[in-house]
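> Would you be able to build a 3D model of this:
(chains A and B)
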Amino acid sequence: MKTTSRTKPPKRETLLARLAVVGSGPGGIAAAVTAAEHLRAGERIVLIDEQPAPGGQIWRGPQKSDPVAQRWIERLNHESIEPVQGQVIGADSGHTLLLETAKGTMRVAAETIILATGARERFVPFPGWTLPGISGIGGLQAMMKSGWPVKGKRLVIAGSGPLMFPVAATAMKFGAKVLEIAEQAAWWRLAYFALHLAAYPEKLFEGLRFFAKLWSIPQSHGTWIKRAGGTEKLEWVELTDGSRTRRIDCDLLAIGAHLVPNTELAALLGCRIDSAGRIAIDQELRTSEKKIFAVGECTGVGGADRALIQGQLAALAALNLHELFAHHVGALPRWERFSRLLDATFSPREELKRQIQGDTIVCRCEDIPHESLCRHDSWREAKLQTRCGMGPCQGRVCGPAAQTIYGWGVESVRPPILPCKGGTLLELDKTEMNS
Amino acid sequence: MSETFSPETLAPETFATEVRINGRAVQVETGTTVLGAIGVAGVLITRLSIKGEPRGALCGMGVCQECRVEIDGIPHQRSCMIAARTGMEIRTGSVP
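Predicted structure coming up:
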């Protein structure tokens, strides 16, 4: 711990740990559990997450139906694992994390950090996309699992990626009428994907299970949203395959063009982000910062299986257990290939970027339309001139949208990386975050 | 928007939490988020944008900030990230 300030303010609670894991989805859980089982007595692991319960987005809610998730979550009950509910909003140059929790601010100073910050959905704006009733595909899943009712609602799911199927299944279970699942990827991309899925029998099996559940729902491919409409809330959506446009009356619309890694904290900690927007890691899951590792979706979208393997490996690497690492590392390349296969299949097609109109909002926090943004040459310039990306979400939604539509590199992270209380800002100032 | 869960359709003991959405009492299952309770009340609009456009929850996981509502007098609370607790007074549709 460095002590830089001359007039030392009374330190708030600082938790010292051998290892801090940020994010308790599959990757973070696997990292924490594996490390806990190899730690020396008295050493501590701090597992940080915003949510009250572990599981992340994919293992959200009670996991009665998923024995794998259940087993991993049970293994978290280990004396050296200390879960902390809070959000990391900054860090100092010595990598001490500053957290905002329900009880106030808190610092976590760990010898090693493993980032498992996951991914979020990519939204490509189209006319009408800000209407209430339109949510993310994964977003709808999260909402339904936390008690948001969909019974009797007419739902259209239009986006990209395998996530659409479990969400459709959940919506059906809760009584929604799923009118259509529309995949934007072209048929030949999907055929290529299906062909390669033969190497992943577990995924193939999963797919077949959903096929059995969802056979009655109309499904289309090479189909995307042209626009949505309604007064005050969503009433209809227009889907198109480029030549034919259909209008469907509906109450809910789930959207999302695949996922984007959450890299804000990594960038703040000085870790390099690669050109595809992932946290850059080496074969040991180490970022460009020596004492920081990254696992799971924040290093590339590849699903829970990949995250579990990466999490275990990162823990072994972080604790210098080279023999064990070498023994297990062989399981990884297969899932790296799977991650690349997902990206190649489900990345947004060109037409998706061209549905936007002049008055279509891009930055939802500041209500900035396309016509105000398209005149600028860079994200930085657009931000300075329009306040785009400077609202409460800090560019997390419009950043990837701008990147997709305008091809801008969306860089520059500043603390706080999430909206926080004034008191927390003062703490942030004390730790000389901007140094 | 009246076709939401009604307490009669499920076992009464699962509805352990009662909150008020814009003054109206709503009972929800324990573990439901504030956003879930807002949905059960049949409300889709969580906030108004800077220009006054109606907005609803988008990301469902704490990222987009569209689901912000006022809880017990404190504005700008992400309703998707907060569990509903008995006695909460929730207001939706506030200006930014």
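> What residues does chain A have near chain B?
Within chain A, the positions adjacent to chain B are A:50-52, A:57, A:120-121, A:123, A:130-136, A:138-143, A:146-149, A:151-153, A:232-233, A:361, A:364-367, A:391-393, A:396-397, A:419 by Cβ under 8 Å from any Cβ of the partner chain. For every residue, glycine as well, the C-beta is placed using N, CA and C.
> In strands, which of these appear?
A:120-121, A:134-136, A:361 (DSSP state E).
> need these in CSV with neighbour count and pLDDT, can you?
Shown next, in CSV, are these (neighbours: other Cβ atoms under 10 Å in any protein chain shown; pLDDT from 0 to 100):
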residue, neighbour count, pLDDT
A:R120, 25, 96
A:E121, 29, 96
A:I134, 29, 98
A:S135, 29, 98
A:G136, 28, 98
A:I361, 24, 98
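> Identify, from those residues, the entry nearest to A:A186.
A:E121 (20.7 Å; Cβ to Cβ).
> Wait, the closest one touches A:G138, no?
Yes: here A:E121 reaches A:G138: they are 5.4 Å apart, a contact under Cβ atoms under 8 Å.
> Skipping adjacent residues, who's closest to A:G395 in space?
Nearest residue to A:G395 in three dimensions, chain neighbours excluded: A:G389, at 3.2 Å (Cβ to Cβ, 6 or more residues apart in numbering or on different chains).
> again, but for A:P419
A:P392 (4.9 Å).
> Check the gap between the most centrally placed residue in chain A and A:G409 for me.
In chain A, the residue lying closest to the centroid (Cα atoms, centre = their mean) is A:A119, at 1.5 Å. Separation of A:A119 from A:G409 (Cβ to Cβ, to the nearest Å): 19 Å.
> Then A:E381?
12 Å.
> top strand in chain A by residue count?
Max-length strand for chain A by DSSP E is strand A:104-115.
> Show me how far that one is from its chain's centre.
Computed by Cα atoms, centre = their mean, to the nearest Å, the chain-centroid distance of strand A:104-115 equals 20 Å.
> Repeat that for stretch A:330-342.
Per Cα atoms, centre = their mean, the centroid offset for stretch A:330-342 relative to its chain is 18 Å.
> what does stretch A:75-90 give?
The answer for stretch A:75-90 is 19 Å, by Cα atoms, centre = their mean.
> And it, what's buried?
A:75-76, A:78, A:80-90 (16 or more other Cβ atoms under 10 Å in any protein chain shown).
> Show the end-to-end separation of that stretch, please.
Taking Cα to Cα, to the nearest Å, the first and last residues of stretch A:75-90 lie 29 Å apart.
> related to what we said a few turns ago, then the residue nearest to A:G395 would be within a strand, right?
No: the assignment for A:G389, made by DSSP: H, G, I helix; E, B strand; the rest coil, is coil rather than a strand.
> can you tell me how far the closest residue to A:G136 other than its chain neighbours sits from A:Q57?
Spatial nearest neighbour of A:G136, chain neighbours left out: A:E121 (4.2 Å); criterion: Cβ to Cβ, 6+ apart. Using Cβ to Cβ, A:E121 is found at 10 Å from A:Q57.
> ditto for A:C398
21 Å.
> Of the two, which one has the most company?
A:C398 (30 against 25; other Cβ atoms under 10 Å in any protein chain shown).
> What are the neighbouring residues in contact with the residue lying closest to the more buried one once chain neighbours are set aside?
Once flanking residues are discounted, A:C398 sits nearest to A:C363: 4.1 Å by Cβ to Cβ, 6+ apart. When contacts are counted by Cβ atoms under 8 Å, 6 or more residues apart in numbering or on different chains, A:C363 touches A:373, A:386-389, A:391, A:395, A:397-398.
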